[in-house]
Every structure is written in C-alpha cells, then in structure tokens.
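Asks: Pasting a predicted model and its sequence here:
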Amino acid sequence: MTDWSTGYVVDLGYTFGYYTELNPQRMRLAFLSSGLAMPEVRTACELGFGQGLSTNIHAACSTAQWWGTDFNPAQAAFAQETAGSARLDTRLYDQAFEEFCTRADLPDFDYIGLHGIWSWVADANRTVLVDFLRRKLKVGGVLYISYNTMPGWAAMVPVRHLLTEHAEVMAAPGRGTVARIDAALEFTEKLLATNPQYARAHPQIAERIKQIKGQNRHYLAHEYFNRDWEPMPFAQMAQWLAAGKLTYACSAHYPDHVDIVNLLPEQQAFLNDIPDAMFRETVRDFMINQQFRRDYWVKGARRISVLEQSEALRKQRFLLTEDRPSVSLKVAGSLGEAAMHEAVYGPILDAVADHRCTSIGQIEDRVREKGIAFGQVVQAVMLLIGNGSLQAAQSDADIQQAKPPAERLNAYLMDKARGTADIPYLGSPVTGGGVQVPRIEQLFLLARSAGKTQPQDWAQMCWQMLSAQGQRVLKDGKALESAADNLAEVTRLATVFAEKKLPILKALQIV
C-alpha cells in the first residue's frame, strides 16, 4: 500500500491561518527600501497552501491569477469549495509537488510563495521545488519563502527529536495524533523535572515546552511531528536556491529592515565591515539568534538608482488600519520591545488618521513643518507596517477590479462564521490581502447586511445565532451564563465595533 502522505501529518488538518507575507503587495516597500526593482505580479503560485485561505484571499482581492497545490485532499477540497463559492479565477489542486510542478498547462509566474513548507519536506521534494523555480519563475520574478533556521533552533533540535521519537515508539497502538502529542509533551516535562544536564546547559528549554503545551494541537502536529523536519542555516538555503538562479533580495519581515531595533551599535559596525552580503546575513543570524526567516529571493536582482528609488518610494500608498488612539507606539525587534518617538510617529499617524489611502510623498508634505525628514517617514512606515498599524494599498484601478470577487469571498466567509470561529479573516480589495475580523464581528456584519442598522439590533441577531447553538460569550476568559449577561456583553461589543472597527472596514472596502 502506497503511503501518499510521505511522512507528513494528514489526519489533522492545518489551521485556517492567513499569512500576510504571502501578499505580493507587501513586496513593494521592502524591495524599494533595499534599492531593488520588482515585477508587476499578474501570475502567482502558492505551493503547499494548507486550507487555501491566503491563496483565495489574494486571488479575490488582487488582479493576479493564482495557481496552487496542497497534497492533502481534505484541505484542497476546502480551498476549491471556497474558490468555487466566490467564483474566483483560481487553479487549485491536490497534487504532490512532483505531479503539480510538471503540469504542462502551467504559466510562467511573476511570484511564487512557499510558506512553512521548506523545513518540513525531504530533499527529494526540495529538488523538485528548486527545479520548478528554475523553470517556471520568470526572469525578475520573486520567491517568498519562510523556514526554520539556525542558530535559533539549535537547542530545540534534540528536544524535537525526543518528542517525535516518543510519539512514534511509546504511544499506545491506535492513539490519535493529538493524544500522542499530549503524551510526548507530558513525558518531556517529567524528564525536564529530573534536572538533566541538557536542561541545565539550555535553561530556556523548559519555558519553551511550557509555551508549546498551550498551542493549538493542529499547529503542533504540523510544526513538530512530521517525519521530515530540518532547520536550515541561511548559507545552506542560498546553496539550494542558487541552482534555481535565485539570489537573496531582502527580508519579508519589515522590522528586520530597521537595524536599531535588532542590533546594538557595535554589532551594526561589525556587520558593516563584512563586504560579502550573503555572509553578512549568516553573521546577522548569529547576532540575533535567528529562529525563523521570512525572505524574498529574486531571479535576476536589478538595482535601481537613488533617484528612481526615492521617486518610487514617494508614490507608495498606505492606509491606517487601526483606530488612531489605539495605535501602539511600540515595535518588537530582536533586542526586545522598542518605543517609537512620539515627536516623529505622532504627526505621521495624524497624517493618515482619516484611514484614506495616502502616499509616502503626501505624508512627507504633511509632516515637513514638524522637521521630519523623508528618511524618517520611510522608516516609520516600515515599522508601522511591521506592528500591523499600516497596510500597503493597491492602485485605484486594481481596487475597483478586485472589489466584486472580494465581496463574494467575504460573503462566503461570513456565512461560515454563523457556525464556526475557525476563520477570523476577511479580504480587502484595498490592500489585496486579509484583515483580521473575529467571528463575532463577522456576525455583526451579517446582521448589518440583513438590514439591521443599530448596534443593539446587530447584537440581538448575533446572540440569537449563538444561543441557538448552545454557545456563550467569553468575558475575561470566562463564559457568561445568563442570557441577559450574554446579550449585554454582545451589545457592548457591537457598540465598540460600530465606533472603532466599522469605519476602518469601510475604508478597506470590506463593507
């Protein structure tokens, strides 16, 4: 009997996650800030799309045609159902990489995304993927890839092997994946409680196991318990991708572009003295103990002049996707949490507080009298995107073209929200990507689309749906018991939603 899973966990479906780094719109600022040209993305592909949520959101909310595959048929079936219900022009399959990558009907791609795949497949599949990139990624095309890396995973590698060995050898016959994961974690905690030399040499491991215990078991199954699992140093990744004619472009994780939140001054100086850019990345990973990389690679990097760079940067548009008073003036870097200076960030946030699409050039004009320079504006935008406060916006023409399919997709996702909280995302034709909208807020939107105009009416309809399914609302982590308390809390949430979140969703053209 053929093992079609090739050692990959298939009895537990992957989570319904949305991964913003897969959105090609995010590439523009990252590439421009690095002085690189990038292509217009009209054909795109995601390999190993999981439940297909990111693929379908990007297909619905942009003008690109998306292709993709995930070899788990249950996940591919959901992705296809989603695309079909929204009438999206996608090509989604349940084929293994080797079968999909040799299809005769594939176009050449401007963009290929690989999120959370590379570290969890065998070398044979990596060879297939690199060959695919060599043949099907256009000259000038971009690869987004994320993967576990060294040295950040070094201490955890033996523990991961311990977990999987326990699940394989010690689990009782017939126990499901969740039970085997729980048993492996319990065993490892007991082992660490004996204070072994390994735990003394790596004191962070006990806290790591504690954190893992609190995570979604579906996520853990795919993160830790596949047969193939290999954190890869950056230099080794570069060797693999060189065969596909790819060179490193820049990080897809925006805070990585701002050294002051990641590196001490002496570390910055040390790195600046390293002439080789690739080796510099390897050294940087040691400085910050890098554990997970999110990178852009390009087939034929083309540098642009300083004039081209500044002109293109000033044209990039963004919008504020948080309520202005609620924006946190903090950003997380490898050095910890850093504060953003109010004197710089306050005026910049005020310049975009109306949630309209605003270019960097327009922001620059509005804050010039505050003595804020162009470079400060660009850095601030980078960090505000990094902490989720700003999102890049498409052109008006692309927004209009994407609006009808985005509306169809959101209608499908909100209908799903009537019975499940699994998919807390909707798509925006403005950003070309996903926006977090929890289930209860999606139910408010459903009530609004049904003609209800007031928050109390949204709350009443929402509570009727929840109570009919025997569900209760959580407040401070505890389920409310009485119907009156539940309705009061839902009404409060609806009022806050109307005041703070609804205007933003309107700006995003989700409603």
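Replies: Ah, there it is.

Asks: Quick one: end-to-end length of stretch 283-292, please.
Replies: End-to-end span of stretch 283-292 (CA to CA, to the nearest Å): 15 Å.

Asks: and it, which residues are buried?
Replies: Under the neighbour-count criterion of 16 or more other CB atoms under 10 Å, stretch 283-292 has 284, 285, 288, 290 buried. To be clear about C-beta, it is placed using only N, CA and C from the backbone, and glycine gets the same treatment.

Asks: surely the last one meets residue 283?
Replies: No: the criterion here is CB atoms under 8 Å, and residue 290 misses it with residue 283 at 10.7 Å.

Asks: Show me where the stretch 1-150 of the chain has its strands.
Replies: Secondary structure of the stretch 1-150 of the chain by DSSP state E, counting those that start in this stretch: the strands cover 43-47, 65-69, 90-93, 109-114, 137-148.

Asks: What about residue 39, how many residues nearby?
Replies: 21 (other CB atoms under 10 Å).

Asks: re earlier: so which of the buried residues of stretch 283-292 are in strands?
Replies: The subset of those located in strands under the criterion DSSP state E is empty.

Asks: so can I have JSON lines of these showing pLDDT?
Replies: Shown next, in JSON lines, are these (pLDDT from 0 to 100):
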{"residue": "284", "pLDDT": "98"}
{"residue": "285", "pLDDT": "97"}
{"residue": "288", "pLDDT": "96"}
{"residue": "290", "pLDDT": "96"}
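
Asks: so which of the residues you listed comes closest to residue 17?
Replies: Checking the buried residues of stretch 283-292 against residue 17 with CB to CB, the nearest one is residue 290 at 21.5 Å.

Asks: Return the residues in contact with the closest one.
Replies: For residue 290, the contact set (CB atoms under 8 Å, 6 or more residues apart in numbering) comprises 149, 150, 151, 152, 234, 284.

Asks: Restricted to buried residues, select those in PyMOL.
Replies: In PyMOL, a selection of the buried entries from the contacts of residue 290 looks like this (16+ other CB under 10 Å):
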select buried, resi 149+150+152+234+284
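
Asks: ok, of the contacts of residue 290, which one's closest to residue 425?
Replies: Closest to residue 425, out of all of those and judged by CB to CB, is residue 149, at 26.9 Å.

Asks: Just give me the neighbour total for the residue lying closest to that closest one once chain neighbours are set aside.
Replies: Using CB to CB, 6 or more residues apart in numbering and skipping residues adjacent in sequence, the residue nearest residue 149 is residue 293, 4.8 Å away. By the criterion of other CB under 10 Å, residue 293 has 24 neighbours.

Asks: and if you look at residue 322?
Replies: So residue 322, with other CB under 10 Å, has 19 neighbours.

Asks: Same check on residue 105?
Replies: Neighbour number of residue 105 under other CB under 10 Å is 6.

Asks: And it, how close does it get to residue 67?
Replies: 9 Å (CB to CB, to the nearest Å).

Asks: Please apply the same query to residue 415.
Replies: 26 Å.

Asks: and the two? which has more neighbours close in?
Replies: residue 67 (24 against 12).

Asks: who's the more buried one bridged to?
Replies: Beta-bridge partners recorded for residue 67 (DSSP bridges): residue 45, residue 91.

Asks: Who are the contact partners of residue 182?
Replies: Contacts for residue 182 (CB under 8 Å, 6+ apart) come out as residue 217.

Asks: repeat for residue 40
Replies: So residue 40 contacts residue 110 (CB under 8 Å, 6+ apart).

Asks: do residue 408 as well
Replies: 60, 85, 86, 87, 88.

Asks: Look at residue 241 and give its secondary structure.
Replies: helix (DSSP: H, G, I helix; E, B strand; the rest coil).

Asks: could you measure residue 88 against residue 414, distance?
Replies: From residue 88 to residue 414 the distance is 16 Å (CB to CB).

Asks: Only C-alpha atoms, please: export the lengthiest helix in the chain in PDB.
Replies: Identified as the longest helix of the chain according to DSSP state H is helix 396-417. Extracted as PDB, the C-alpha positions of helix 396-417 are listed here (Å, rounded to 0.1, in the frame of the first residue of the first chain):
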ATOM      1  CA  ASP A 396      -7.500  52.600  -7.600                       C
ATOM      2  CA  ALA A 397      -7.900  50.700 -10.800                       C
ATOM      3  CA  ASP A 398      -6.900  47.400  -9.100                       C
ATOM      4  CA  ILE A 399      -9.100  48.100  -6.200                       C
ATOM      5  CA  GLN A 400     -12.200  48.600  -8.400                       C
ATOM      6  CA  GLN A 401     -11.400  45.400 -10.300                       C
ATOM      7  CA  ALA A 402     -10.900  43.400  -7.100                       C
ATOM      8  CA  LYS A 403     -14.000  44.600  -5.300                       C
ATOM      9  CA  PRO A 404     -16.600  42.300  -6.800                       C
ATOM     10  CA  PRO A 405     -14.700  39.000  -6.200                       C
ATOM     11  CA  ALA A 406     -13.700  40.200  -2.700                       C
ATOM     12  CA  GLU A 407     -17.300  40.800  -1.900                       C
ATOM     13  CA  ARG A 408     -18.300  37.300  -3.000                       C
ATOM     14  CA  LEU A 409     -15.500  35.800  -1.000                       C
ATOM     15  CA  ASN A 410     -16.300  37.800   2.200                       C
ATOM     16  CA  ALA A 411     -20.000  36.800   1.800                       C
ATOM     17  CA  TYR A 412     -18.900  33.100   1.800                       C
ATOM     18  CA  LEU A 413     -16.600  33.500   4.800                       C
ATOM     19  CA  MET A 414     -19.200  35.400   6.800                       C
ATOM     20  CA  ASP A 415     -21.700  32.700   6.100                       C
ATOM     21  CA  LYS A 416     -19.200  30.200   7.500                       C
ATOM     22  CA  ALA A 417     -18.900  32.400  10.700                       C
END
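
Asks: Now do it, average pLDDT.
Replies: Averaging pLDDT along helix 396-417 yields 98.

Asks: go on, stretch 123-131?
Replies: 97.

Asks: which residues sit against it?
Replies: Counting by CB under 8 Å, 6+ apart, 6, 47, 97-98, 101, 114, 117-118, 121, 240-241, 243-244 sit against stretch 123-131.

Asks: which parts of it are buried?
Replies: Buried residues in stretch 123-131, counted by 16+ other CB under 10 Å: 125, 126, 128, 129, 130, 131.

Asks: would you turn these into JSON lines with distance to residue 301?
Replies: Formatted as JSON lines, the buried residues of stretch 123-131 follow (distance: CB to CB, whole Å):
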{"residue": "125", "distance to residue 301": "26"}
{"residue": "126", "distance to residue 301": "22"}
{"residue": "128", "distance to residue 301": "24"}
{"residue": "129", "distance to residue 301": "20"}
{"residue": "130", "distance to residue 301": "18"}
{"residue": "131", "distance to residue 301": "21"}
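
Asks: What is the nearest of these to residue 198?
Replies: Of the buried residues of stretch 123-131, the one sitting nearest to residue 198 (CB to CB) turns out to be residue 126, at 29.8 Å.
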